[in-house]
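Asker: A structural model of the following input is requested.
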Amino acid sequence: MKKILITIITLMICSSGIFAQIGNAARVEFETQCLGVEEDGSQTLRAWGFGKKKKDAVEQTMKNAVRDVLFKGIKEGMDGCNLRPMITEVNARERHASYFNKFFADGGKYKNFVSLKDENKKSSREHVKSSLGTRWSVTVRVLCPKLREQLVKDKIIANNPY
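Answerer: From the prediction side, this is the model:
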């Protein structure tokens, strides 16, 4: 009986490690990727969003792309995109929570700084379905110079290049 119990516990521990590795691999797959930088400083990205409907997922994708440029930087994909986030202030999202809650609200200001015009309708959207909804990847362009200008104007960041 002891051997069976030890075997079961060992299998549970080993399988939890395997599932953790699978879970980490899945998360990495959904990182925003750099596809290129335009002459005006805009970044073309492949970003992911989740939603029950395609429209909701695409809107979430645009929010995620802008959020990643602002707070994380773009580390995956081609060279050229800004590795450093546009906002480097520690806890900036929390300090300016009311601003960013309005900024990222449905139909908020973030839409002024993102475009789907680089998207090729047939090949640039991919999706992964689950019981909760669908995760879509979409090619978007984040208008970084215009976004930086707005953040300086709204006194969220200082007027110096990142």
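Asker: check which helix or strand Arg141 maps to.
Answerer: strand 133-142 (DSSP states H and E).
Asker: that strand pairs with which strands, and in what direction?
Answerer: strand 43-51 (antiparallel), strand 114-115 (antiparallel), strand 126-130 (antiparallel) (DSSP bridges).
Asker: mind listing what's buried in whichever helix or strand comes after it?
Answerer: Helices and strands here follow DSSP H and E; after strand 133-142, the next one along the chain is helix 144-153. By neighbour count with 16 or more other C-beta atoms under 10 Å, helix 144-153 contains the buried residues Cys144, Leu147, Arg148, Gln150, Leu151. Glycine gets a C-beta too; all of them are placed from N, C-alpha and C.
Asker: what average pLDDT does the strand holding Arg141 get?
Answerer: What strand 133-142 shows for mean pLDDT is 88.
Asker: weakest of the strands paired with strand 133-142 in terms of mean pLDDT?
Answerer: strand 126-130 (a mean of 66).
Asker: now the helices for the chain?
Answerer: Along the chain, counting by DSSP state H, helices occupy 2-29, 54-67, 92-95, 97-103, 144-153.
Asker: which stretch in those helices is the model least sure about?
Answerer: helix 2-29 (a mean of 55).
Asker: find the nearest non-adjacent residue to His96, please.
Answerer: Ile156 (5.7 Å; C-beta to C-beta, 6 or more residues apart in numbering).
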